[in-house]
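K.L.:
Predicted model and sequence follow; I will ask about them next.
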Amino acid sequence: MKMPVNGFKARLTAGPVQIGFWTSLCSATGVEVLGQTGFDWLLIDTEHAPNELSDVLSHLRASSLGDSALVVRPAWNDAVLIKRILDIGAANLLIPFIQNETEAAAAVKATRYPPVGTRGVTGSARASNYGKFEDYFARANEEICVMVQVETRSALDKLTDIASVEGVDGVFLGPSDLAASFGHLGLPQNGDVQSALRDAVRRLQDLGKPAGILTTNREEAERYIEWGYRFVAVGTDINLLSREATRLRECFR
Ligand SMILES: O=C(O)C(=O)C[C@H](O)[C@@H](O)CO
């Protein structure tokens with residue numbers, strides 16, 4: 001049995017814009033439902049959501065019925081966290097808080113088997129379908145997709161170096177953290193932040209590196225796509241649930 005091709009990674013550079021949805025509710029059932037709504041990718045957050053490894057595993061299993069690719073965000077750029085998430089079968093990672101090319105290279109290295117990287121080896125993990133993917137060791141390094149998150153002013157200054165690291169497949173701009181770093185905590189719509197986001201996508205386009213972003217605002221999402229962002233999360237489960245539940249309740253006041 002062969003390891004499947006990572007369609008999300010293949011489409012990131014060559015295909016249409018990948019529309020995503022951000023999940024923090026720690027609900028495998030939620031992911032099962034969302035996976036059948038047509039989103040190209042679903043982000044499973046373990047940085048700012050209390051998702052443990054076993055939750056991520058449930059999410060991966062729940063997503064197998066749908067068509068959405070799962071992207072998992074580890075809590076930190078940590079080789080052990082990354083190894084464990086890869087072993088349970090995540091193929092797409094979004095690594096938070098990358099500050100320079102050294103940290104980006106470390107993130108990539110953690111996802112690669114030796115001699116290229118430092119990923120520990122097991123032949124019987126879920127990632128290799130418990131050893132049934134006969135080509136897993138030969139192809140894992142090339143199929144795993146590594147996206148890094150740039151979310152501070154100083155990281156923006158090093159954007160070209162970070163994005164140019166071999167093995168970095170995409171760069172995600174974190175509007176909330178970036179806003180905080182610019183001194184505009186809670187205000188990603190601030191003009192300085194928006195200019196930085198626009199400038200960043202231009203620089204990434206020049207390098208041929210796909211840029212990603214998250215917003216819960218439709219007009220903003222459309223603007224980011226127009227600017228050239230290639231993997232765009234256009235909503236979050238918590239925001240959607242809260243907004244729609246509030247709206248529904250208001251209908252019966
Ligand atoms: O800076 C950002 O924006 C992000 O990193 C995304 C946030 O962490 C996300 O949790 C917002 O809901």
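P.N.:
Received the coordinates, thanks.
K.L.:
quick one: residue 116 from residue 173, how far?
P.N.:
27 Å (Cβ to Cβ, to the nearest Å). C-betas here are computed from N, CA, C, even on glycine.
K.L.:
any idea how far residue 236 is from the residue nearest in space to the middle of the chain?
P.N.:
Geometric centre of the chain, nearest residue: residue 94, 3.7 Å, by Cα atoms, centre = their mean. As for residue 94, its distance to residue 236 is 14 Å (criterion: Cβ to Cβ).
K.L.:
quick revisit: residue 116 and residue 173: who's more crowded?
P.N.:
residue 173 (25 against 13; other Cβ atoms under 10 Å).
K.L.:
Please verify my assumption that that one contacts residue 151.
P.N.:
Yes: judged on Cβ atoms under 8 Å, residue 173 makes contact with residue 151 at a distance of 7.3 Å.
K.L.:
Return the residues of the protein in contact with the ligand.
P.N.:
The chain has residues 48, 151, 174-177, 214, 236 near the ligand, with proximity defined as Cβ under 6 Å from any ligand atom.
K.L.:
Tell me which two of the residues you listed sit farthest apart.
P.N.:
By the measure Cβ to Cβ, 151 and 236 form the most distant pair in the residues of the chain next to the ligand, at 16.5 Å.
K.L.:
Whatever residue of the chain ends up closest to the ligand: neighbour count?
P.N.:
For the chain, the residue closest to the ligand is residue 174, as judged by Cβ to the nearest ligand atom, at 2.6 Å. Other residues near residue 174 come to 22 when the count uses other Cβ under 10 Å.
K.L.:
Nearest spatial neighbour of residue 53, chain-adjacent residues omitted?
P.N.:
Using Cβ to Cβ, 6 or more residues apart in numbering and skipping the chain neighbours, the partner closest in space to residue 53 is residue 84 (5.6 Å).
K.L.:
got the contact list for stretch 147-154?
P.N.:
71, 73, 92-99, 104, 107, 156, 159, 162, 168-174, 176-178, 181-182, 196, 200, 212, 231 (Cβ atoms under 8 Å, 6 or more residues apart in numbering).
K.L.:
The same query, at a cut-off of 6 Å, please.
P.N.:
Applying Cβ atoms under 6 Å, 6 or more residues apart in numbering, the contact partners of stretch 147-154 are 94-96, 98, 104, 107, 168-174, 177-178, 181.
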